[in-house]
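S.K.: Give me a model of this one.
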Amino acid sequence: MIFDDPKITALFEEYQARNAQERSLFNTMMSGTGTVSRDDLLLPVGPEVGAFLHALVLAHRPRRILELGTSYGYSTVFLADAARKVGAKVITMELADYKQAYAREKLAAAGLVDVVEFRQGEAVAMIEADEDPFDLVLLDIWKEVYLPCFEAFYPKLSEEAIIAADNMIDPASARDSVRLYRAAVKAKPDLQTVLLPIGQGIELTVKWSAGNGKL
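M.R.: Take a look at the predicted model:
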């Protein structure tokens, strides 16, 4: 386990237990036979992607991390634990107030809330209102707003900033939106990008230009 704090480990195990309990509900939702909605479910990035994000923060040492899609706080735990270790701040944005309230409560119990700034509302408007650069972005929001979110935060990326976009392979229902996002990324001459087959597919993108003397 990557967490060295027992409170954070306990929270991670709680999230894993909730996800296991909700798998049958997810299956009924996907089949169209259940009454549960996707907003009711955890729908986490999973431990493999979580560990990857944690390692990414430790290696890159960003100052400001933007998480688009707090949801119930699963990925926020990985980002916040790593952020605390490198002296970073996580700005997490979510439309649903009840989801973010749940995440705030869980992270507070785990002792991580001091490195997280919770912002609730419409993502594009909140991104546009932020005047400071972002050094790392996790894009894991509803897929139809990937492109408008990208267009909002792209001008605010710091040099050598990293974007990690989830759900680039699955679910199949999101692929039209994903293709629009990937095409927009590839059209930027200062972005280098690669698709990683971990979890449901992570598109890892780095802002880099020939003038900075680094790869």
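S.K.: alpha carbons only for contacts and neighbour counts from here, please
M.R.: Fine.
S.K.: Can you find the helix or strand in this structure with the smallest mean pLDDT?
M.R.: Lowest by mean pLDDT, DSSP states H and E among the helices and strands of the chain is helix 6-31, with a mean of 86.
S.K.: Please look at Gly199 and Gly46 and confirm they touch.
M.R.: Yes: using CA atoms under 8 Å, Gly199 is in contact with Gly46, at 6.8 Å.
S.K.: more neighbours, the two?
M.R.: The neighbour comparison of Gly199 against Gly46 (other CA atoms under 10 Å) goes to Gly199, with 19 against 16.
S.K.: could you measure that one against Leu157, distance?
M.R.: According to CA to CA, to the nearest Å, Gly199 stands 25 Å off from Leu157.
S.K.: Glu67 bridge partners, please.
M.R.: Thr92, Leu138 (DSSP bridges).
S.K.: Which residue ranges of the protein form strands?
M.R.: Ranges of strands within the chain are 64-68, 89-94, 116-120, 134-139, 157-165, 191-196, 202-207, based on DSSP state E.
S.K.: Throw the ones you listed into a markdown table and include distance to Asp81 and mean pLDDT, thanks.
M.R.: Converted to a markdown table, the strands of the chain look like this (distance: least, CA to CA, whole Å; pLDDT from 0 to 100):
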| stretch | distance to Asp81 | mean pLDDT |
| --- | --- | --- |
| strand 64-68 | 12 | 98 |
| strand 89-94 | 10 | 98 |
| strand 116-120 | 10 | 98 |
| strand 134-139 | 15 | 98 |
| strand 157-165 | 17 | 97 |
| strand 191-196 | 23 | 97 |
| strand 202-207 | 20 | 98 |
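S.K.: a markdown table for those strands, including mean neighbour count and distance to Phe52?
M.R.: Putting these into a markdown table (neighbours: other CA atoms under 10 Å; distance: least, CA to CA, whole Å) gives the following:
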| stretch | mean neighbour count | distance to Phe52 |
| --- | --- | --- |
| strand 64-68 | 23 | 15 |
| strand 89-94 | 23 | 16 |
| strand 116-120 | 18 | 19 |
| strand 134-139 | 24 | 12 |
| strand 157-165 | 21 | 10 |
| strand 191-196 | 16 | 11 |
| strand 202-207 | 20 | 10 |
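S.K.: so which of those strands comes closest to Ala103?
M.R.: Among those, strand 116-120 comes nearest to Ala103, with 9.3 Å by CA to CA.
S.K.: Now do the closest one against strand 89-94, angle only.
M.R.: Orientation note: strand 116-120 sits at an angle of 20 degrees relative to strand 89-94 (axes from the mean of the first three to the mean of the last three CA atoms, to 10 degrees).
S.K.: now for the least confident helix or strand of the chain, which elements pack on it?
M.R.: Helix 6-31 sits against helix 74-86, with contacts defined as 3 or more CA pairs under 8 Å, 6 or more residues apart in numbering; DSSP states H and E.
S.K.: rerun at 10 Å
M.R.: Helices and strands touching helix 6-31, by 3 or more CA pairs under 10 Å, 6 or more residues apart in numbering; DSSP states H and E, are helix 74-86, helix 97-109.
S.K.: Comparing those, which comes out most buried?
M.R.: Mean neighbours per residue, mean count of other CA atoms under 10 Å, is largest over those for helix 74-86, with a mean of 23.
S.K.: That one - what's its average pLDDT?
M.R.: For helix 74-86, mean pLDDT is 98.
S.K.: For that helix, what is the distance to the chain centroid?
M.R.: Relative to the chain's own centre, helix 74-86 is displaced by 11 Å; criterion: CA atoms, centre = their mean, to the nearest Å.
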